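Student: Got a predicted structure plus its sequence, pasted below:
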Protein chains: 2
Amino acid sequence: MNKKINIGIIGFGVVGSQVGLILHRKKRIFSCYNGVDYQIKKICEINWDTSREWLPPEELRTHNYEDIIKDPDIDIVVELIGKFQPAYSIVKRSLESGKSVVTANKYLLSKKLIELITIANKHGAYLGFEASVAGAIPIIKGLKESFSANRITSIIGILNGTTNFILSSMTRKKQHFTQALTLAQQLGYAESDPTLDISGRDSAQKLAIISTYAFHCSISDDEFLIEGIDKIEQQDIEFASELGYRIKLLAIAKRVDNSISLRVHPALVPYGHMLADVEDVYNAVYLEGDLFGKSLLYGEGAGGRAAASAVLADIIEIGKKITSKAHFSEQFTIEQKIAIQPVDKIESRYYLRFTAVDRPGVLAKIAEILGRNKISIASVIQKGENPENAVPIVMLTHRAMEKNIRSAIKEIDRLFCIKNQTQVLRVEE
Amino acid sequence: MNKKINIGIIGFGVVGSQVGLILHRKKRIFSCYNGVDYQIKKICEINWDTSREWLPPEELRTHNYEDIIKDPDIDIVVELIGKFQPAYSIVKRSLESGKSVVTANKYLLSKKLIELITIANKHGAYLGFEASVAGAIPIIKGLKESFSANRITSIIGILNGTTNFILSSMTRKKQHFTQALTLAQQLGYAESDPTLDISGRDSAQKLAIISTYAFHCSISDDEFLIEGIDKIEQQDIEFASELGYRIKLLAIAKRVDNSISLRVHPALVPYGHMLADVEDVYNAVYLEGDLFGKSLLYGEGAGGRAAASAVLADIIEIGKKITSKAHFSEQFTIEQKIAIQPVDKIESRYYLRFTAVDRPGVLAKIAEILGRNKISIASVIQKGENPENAVPIVMLTHRAMEKNIRSAIKEIDRLFCIKNQTQVLRVEE
């Protein structure tokens, strides 16, 4: 005799409609493999989009999420509406009433992960959120379970499909940023207001979630450096390529002494590094740990089906836990508060693109200021003679301190011969 | 109050000694994160290697594994001696007495996985075996849990570090097979008798284990095509490279109609495919599923610490399950027996290297036989004029049937102008 798990889905959008469809289609397979009957009890949506591949029958539909969170028969609430409210109350109230929750809401979790896990534990409920970071890639489960014996020393992720698609298009099709963004919007990979993705904020929310798990500490995306990709120009892509690099928006978390260097910014990644080959809307997470060494998890980071794959894995597993009548408290021990490394202390190689008038002595002047700031130059590209106009001078430095770079660039950008703000990008090897 | 889990380790070799060391060193961390005290109760080894980084105190040591499997206080038996017997009895008897087992024994599991899971279920015990395939890469957990909602359609793995190291050395250092093998042996990556690795058998055992999970059917490594890498010559590496490919030993499992095409053989992988960049002793598994699309899991496939990472993850998780007092039966539903596709029906592009006397009309003769067998040629490389001796002629075909290739090559190899057996390699795009 199979045990029954009742599911309420809140939000029938791109992900929710796929979760509904697949639960409906594969119910018998899931039941057969897991000994649990997974039943959709109710689906809540305000605007039913009748063009969806599958629409639930009338009796399963509601416009009011209270019908789900107050239904004593519902075991698992699947929250797929995103944003902060009412998602926060839905998740919190559901957990408080002992229901388990599966969510893909990175915004909410980047603010409230530990609070929500604590509530879940207190009420014997489970919180599943694999879908909140990197689609179907099992990074949450990886950190919680597969790599649990390790001390994680480094995480470098490509966590946002939209920006990776834009940078890929700029690289392969030699498009400008705005052209690539427009293409992404036309293909449905970018929203009409793409700020959250472009600015790096979406990646930062995801980084906060995985860092919380990787380093056993409470981290919010308000605490670290976030730079977006909107300042990347086509010429940066080309110069990087000439130097042997691709530009990627990276989410980085590394242990450095007793702190963690946490940041989201575009960076030059050398050809041959596996992250350099992650193209289009794909995501990847590169990890280092004291036992497993180096690892890469790669997969689709966007799209309804990939996210549904992760949501359903959580539903299936939580269903098994609930029907086993055990309770696994997720002991989430917060380590002694770990400091986030101040931005000034970042150490990296840097890509610098100066826009300078093409006159003798300019390069010497720039080099002198860099030298005085303890920045040594690894290579220089200076192209085209054009005494009338400003030309780009590109430099790759050896390892330098962010503090010194900032102070040097401030001084250089005040020079009479410098015509535009200097482009500064970090290099991640 | 933490609950205590007693662990017995059988085998204190490369992996076992790391598991012991890390349990000893990190006990407090594991306990703090999981609410369970993981205690080593006994370690069994016949020949104690006193040069190990850590040696257990006298009172933990035994020469007799009966001291572990008969100890009623031991909850988890960690079997790390490998091979078939006595490992099989140890695992079986432990499970029958209700003890859970963690093992890295791919040989044993490739023969007895379903039997052992069934015994574990019957006696309320757990069987953990993440370490048996691809070291620390979470491929077992991926298939069992993270991708559980998917229908897996394709798996292509680089599952053997030794052969990947040899092929990498042949590619990068232009070494011959025997030179690369000797180097691998000197570095400790290959055993003095390397047959199990070189022949593809080790990869096949691992493929049998993951295929059993991916396709929910009983598969043994005796049932499918296995070809090793010993026939790969330096010139094949060079020709492949000229054509835009790297040669890798692949373990392949693909759904084709109502059957599974299962095989282990060296294959040409095009540059740009993520598997082409997996170098040295690293392993990777490339997967396709109906929901998650494409995914790659990459990491260290060999070495004591990487395997220990996987063994410890299993120990930690099983410890949590045992102390929760629940029992999760691993419902392992065997699908209606799925047929393994006969070798003759493999369809692929092929790399053919003929060794032919350099005389007019030879190419025409070969092409005629191929054409008659419905094999069309995509490209040809014919190098060096040498009317005295045989020269290589390399062809890349369009998609063809294995049956037709075999019959054509049989005919071609009988030609007077053909001086050596033709090299036939499949292409995996």
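Tutor: Arrived safely. Numbering: from 1, shown residues only, chains lettered A, B, ... in the order given.
Student: List the residues that contact the closest residue in space to A:A190 that isn't next to it in sequence.
Tutor: Counting by Cβ to Cβ, 6 or more residues apart in numbering or on different chains, A:A190 lies nearest to A:A184, which is 3.8 Å off, once chain neighbours are set aside. (Glycine included, C-beta is placed from N, CA and C.) A:A184 is in contact with A:T162, A:F165, A:I166, A:S169, A:A190, A:P194, counting by Cβ atoms under 8 Å, 6 or more residues apart in numbering or on different chains.
Student: Just the element for the fourth one, please.
Tutor: Spelled out, that is A:S169. helix A:161-172 (DSSP states H and E).
Student: Which parts of that helix count as buried, going by neighbours?
Tutor: Buried positions in helix A:161-172, judged by neighbour count with 16 or more other Cβ atoms under 10 Å in any protein chain shown: A:G161, A:T162, A:T163, A:N164, A:F165, A:I166, A:L167, A:S168, A:S169, A:M170, A:T171.
Student: Could you check how far the second one is from B:Y351?
Tutor: Taking Cβ to Cβ, to the nearest Å as the criterion, A:T162 is separated from B:Y351 by 39 Å.
Student: what does A:D230 give?
Tutor: Distance from A:D230 to B:Y351, by Cβ to Cβ: 46 Å.
Student: Neighbour count: these two, which is higher?
Tutor: Legend: neighbour count by other Cβ atoms under 10 Å in any protein chain shown for A:D230 and B:Y351, higher for B:Y351 (23 against 17).
Student: pretty sure that one contacts B:V394?
Tutor: Yes: counting by Cβ atoms under 8 Å, B:V394 is a contact partner of B:Y351 at 7.1 Å.
Student: and for the two, which residues touch both?
Tutor: Common neighbours of B:Y351 and B:V394 (Cβ under 8 Å, 6+ apart) are B:F239, B:L243.
Student: before we move on, back to that, in the strand or helix carrying the residue nearest to A:A190, what counts as buried?
Tutor: Secondary structure assignment for A:A184, by DSSP H and E: helix A:177-186. Within helix A:177-186, the residues that count as buried by 16+ other Cβ under 10 Å are A:F177, A:A180, A:L181, A:L183, A:A184.
Student: Next, the angle helix A:161-172 makes with it.
Tutor: Calculated by axes from the mean of the first three to the mean of the last three Cα atoms, to 10 degrees, helix A:177-186 forms an angle of 130 degrees with helix A:161-172.
Student: Only alpha carbons, please: show helix A:177-186 as PDB.
Tutor: C-alpha atoms of helix A:177-186 as PDB (Å, rounded to 0.1, in the frame of the first residue of the first chain):
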ATOM      1  CA  PHE A 177      25.900  44.800 -25.200                       C
ATOM      2  CA  THR A 178      22.500  46.400 -26.100                       C
ATOM      3  CA  GLN A 179      22.200  44.200 -29.200                       C
ATOM      4  CA  ALA A 180      22.900  41.100 -27.200                       C
ATOM      5  CA  LEU A 181      20.400  42.200 -24.500                       C
ATOM      6  CA  THR A 182      17.700  42.800 -27.100                       C
ATOM      7  CA  LEU A 183      18.300  39.300 -28.600                       C
ATOM      8  CA  ALA A 184      18.100  37.800 -25.100                       C
ATOM      9  CA  GLN A 185      14.800  39.600 -24.600                       C
ATOM     10  CA  GLN A 186      13.400  38.400 -28.000                       C
END
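Student: coming back round to it: closest one to chain B out of the contacts of A:A184, please.
Tutor: A:F165 (14.7 Å; Cβ to the nearest Cβ).
Student: for the helix or strand that contains A:V285, packing partners?
Tutor: Per DSSP H and E: A:V285 is located in strand A:282-289. In this structure, strand A:282-289 packs against strand A:152-158, helix A:161-172, strand A:293-300, with contacts taken as 3 or more Cβ pairs under 8 Å, 6 or more residues apart in numbering or on different chains; DSSP states H and E.
Student: what's in contact with the first one?
Tutor: By Cβ under 8 Å, 6+ apart, the surrounding residues in contact with strand A:152-158 are A:134, A:139, A:143, A:164, A:203, A:206-207, A:210-211, A:214-215, A:248-255, A:275, A:278, A:282-290, A:301, A:428.
Student: Show me where the stretch 51-200 of chain A has its helices.
Tutor: Listed in chain order, the helices of the stretch 51-200 of chain A (DSSP state H, counting those that start in this stretch) span A:66-69, A:87-96, A:106-122, A:139-141, A:161-172, A:177-186, A:195-198.
Student: so can I have CSV of the ones you listed showing distance to A:S379 and mean pLDDT?
Tutor: Below are the helices of the stretch 51-200 of chain A laid out as CSV (distance: least, Cβ to Cβ, whole Å; pLDDT from 0 to 100):
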stretch, distance to A:S379, mean pLDDT
helix A:66-69, 59, 97
helix A:87-96, 49, 98
helix A:106-122, 38, 94
helix A:139-141, 35, 96
helix A:161-172, 20, 96
helix A:177-186, 25, 95
helix A:195-198, 30, 96
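Student: Quick one: closest of those helices to B:I340.
Tutor: Among the helices of the stretch 51-200 of chain A, the nearest to B:I340 by Cβ to Cβ is helix A:139-141 (30.6 Å).
Student: And chain B, is that closest one touching that?
Tutor: Yes: using Cβ under 8 Å from any Cβ of the partner chain, helix A:139-141 reaches chain B at A:K141.
Student: Likewise for stretch A:18-35?
Tutor: Yes: contact between stretch A:18-35 and chain B, assessed by Cβ under 8 Å from any Cβ, occurs at A:Q18, A:I22, A:K26, A:F30, A:C32, A:Y33, A:N34, A:G35.
Student: Name the nearest of those residues relative to A:K122.
Tutor: Distance to A:K122, by Cβ to Cβ, is smallest for A:N34 among these, at 26.8 Å.
Student: from memory that closest one sits against A:K320, does it?
Tutor: Yes: counting by Cβ under 8 Å, A:N34 does reach A:K320; the two are 5.7 Å apart.
Student: show me what contacts the closest residue to A:V256 other than its chain neighbours?
Tutor: Leaving out its chain neighbours, the residue that sits closest to A:V256 by Cβ to Cβ, 6+ apart is A:Q341, at 5.4 Å. Neighbour list for A:Q341: A:V256, A:S259, A:I260, A:S261, A:L262 [criterion: Cβ under 8 Å, 6+ apart].
Student: same thing but 6 Å
Tutor: A:Q341 sits next to A:V256, A:S259, A:S261 when contact means Cβ atoms under 6 Å, 6 or more residues apart in numbering or on different chains.
Student: Okay, the second one and B:R353: tell me how far apart.
Tutor: When Cβ to Cβ is the yardstick, A:S259 and B:R353 sit 56 Å from each other.
Student: So for the two, which sits in the more crowded spot?
Tutor: Neighbours per residue, other Cβ under 10 Å: of A:S259 and B:R353, the larger number sits with B:R353, 21 against 14.
Student: now the closest residue to that one other than its chain neighbours: how far from B:R359?
Tutor: Nearest non-adjacent residue to B:R353, counting by Cβ to Cβ, 6+ apart: B:Q423, 4.0 Å away. Computed as Cβ to Cβ, the B:Q423 to B:R359 distance reads 20 Å.
Student: what comes up buried for stretch A:342-351?
Tutor: Result for stretch A:342-351 [16+ other Cβ under 10 Å]: buried residues A:I346, A:S348, A:R349, A:Y350, A:Y351.
Student: Can I get it in PDB? Just the C-alpha atoms.
Tutor: The C-alpha trace of stretch A:342-351 is given here as PDB (Å, rounded to 0.1, in the frame of the first residue of the first chain):
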ATOM      1  CA  PRO A 342      36.900  44.000   2.700                       C
ATOM      2  CA  VAL A 343      36.900  44.900  -1.100                       C
ATOM      3  CA  ASP A 344      40.200  46.800  -0.700                       C
ATOM      4  CA  LYS A 345      42.000  43.600   0.200                       C
ATOM      5  CA  ILE A 346      41.000  41.700  -2.900                       C
ATOM      6  CA  GLU A 347      44.100  40.500  -4.600                       C
ATOM      7  CA  SER A 348      43.900  39.600  -8.200                       C
ATOM      8  CA  ARG A 349      45.400  40.200 -11.600                       C
ATOM      9  CA  TYR A 350      43.700  43.000 -13.400                       C
ATOM     10  CA  TYR A 351      42.700  43.900 -17.000                       C
END
